[in-house]
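A.B. asks: 3D model of this:
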Amino acid sequence: MAAGTPPRTPPFAKPVTAPVPQGGLRALRAQAADCRACPLWRHATATVFGEGPARAQAMLIGEQPGDEEDLAARPFVGPAGRLLDRALAEAGLDRRRLYLTNTVKHFKFRQRGKRRLHNRANAQEQEACRVWLAAEWLRLRPRLTVALGAMAAQTLFGAGFRLSRERGRWIELDTRSRALATWHPSAVLRTPPPERDRRYRELVQDLSLLAETLQATTGGAGGR
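C.D. replies: Take a look at the predicted model:
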């Protein structure tokens, strides 16, 4: 890319429903807390915005927050987050040096007695939330992005992307950024053994590829 030429913007970072919000991560988080673009805010406890350093070289994008994330207003703190932490440690990655977020920022659920059961956000809800993911990604411009799960992968790469067929392969997002997709930790937890163990090893393998690529391209930013 020629000096002074701005990097092109990948399609997922150009949502059509509303302008992409501007500002630093703190300002974006404050704006997102008041988002009313879809009905999910009505029953959620909080907007679960991303967290991590503003200069993170790698961004991990999940699907949507769960019950514990909604209560804590933080991404990846429930069972899936604990499994992700274990996989990151095995891959030699330091979560504190990564930026973690979700495609959808509010917890969607159905009530069953006292329990709140996860319910997948529909296409309209996902589209309404894309402005926040776009704002985060454009603010960070991470060199490397990992989509965790099919929802995040199809947001980045399009509806035709198939995780089972294209997992673990770097795909160019723009002239300086690449992304790959892997299993979401919650999908690993839902998979019966012994298939669960295979999917977990594939998750660790893909995160190890992230660690190796970070080491090669950024001198280890994101590793231990």
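
A.B. asks: run through the bridge partners of the residue nearest the centre of the chain.
C.D. replies: Of all residues in the chain, the one closest to the mean position by Cα atoms, centre = their mean is Ile61, 0.9 Å from it. Beta-bridge pairing for Ile61 (DSSP bridges): Thr101, Ala147.

A.B. asks: report pLDDT for it.
C.D. replies: pLDDT for Ile61: 98.

A.B. asks: dump the residue contacts of it.
C.D. replies: By Cβ atoms under 8 Å, 6 or more residues apart in numbering, the residues touching Ile61 are Thr101, Asn102, Thr103, Leu133, Thr145, Val146, Ala147, Leu148, Ala152, Thr155, Leu156. Bear in mind the C-beta positions are built from the backbone N, C-alpha and C, glycine included.

A.B. asks: where does the chain have low pLDDT?
C.D. replies: 1-7, 220-221, 224 (pLDDT under 70).

A.B. asks: longest helix in the chain, by residue count?
C.D. replies: If you go by DSSP state H, the chain has its longest helix at helix 195-218.

A.B. asks: then that one to PDB, C-alphas only?
C.D. replies: In PDB, the C-alpha atoms belonging to helix 195-218 read as follows (Å, rounded to 0.1, in the frame of the first residue of the first chain):
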ATOM      1  CA  GLU A 195     -16.100 -35.000  19.500                       C
ATOM      2  CA  ARG A 196     -15.900 -32.300  22.200                       C
ATOM      3  CA  ASP A 197     -12.200 -33.100  22.700                       C
ATOM      4  CA  ARG A 198     -11.500 -32.900  19.000                       C
ATOM      5  CA  ARG A 199     -13.200 -29.500  18.700                       C
ATOM      6  CA  TYR A 200     -11.300 -28.200  21.700                       C
ATOM      7  CA  ARG A 201      -8.000 -29.300  20.300                       C
ATOM      8  CA  GLU A 202      -8.900 -27.500  17.000                       C
ATOM      9  CA  LEU A 203      -9.700 -24.400  18.900                       C
ATOM     10  CA  VAL A 204      -6.300 -24.500  20.600                       C
ATOM     11  CA  GLN A 205      -4.700 -25.200  17.200                       C
ATOM     12  CA  ASP A 206      -6.300 -22.200  15.600                       C
ATOM     13  CA  LEU A 207      -5.400 -19.900  18.600                       C
ATOM     14  CA  SER A 208      -1.800 -21.200  18.400                       C
ATOM     15  CA  LEU A 209      -1.800 -20.100  14.700                       C
ATOM     16  CA  LEU A 210      -2.800 -16.700  15.900                       C
ATOM     17  CA  ALA A 211       0.000 -16.700  18.500                       C
ATOM     18  CA  GLU A 212       2.500 -17.800  15.800                       C
ATOM     19  CA  THR A 213       1.400 -15.200  13.300                       C
ATOM     20  CA  LEU A 214       1.500 -12.400  16.000                       C
ATOM     21  CA  GLN A 215       5.000 -13.400  16.800                       C
ATOM     22  CA  ALA A 216       6.000 -13.300  13.200                       C
ATOM     23  CA  THR A 217       4.300 -10.000  12.200                       C
ATOM     24  CA  THR A 218       4.300  -7.900  15.400                       C
END
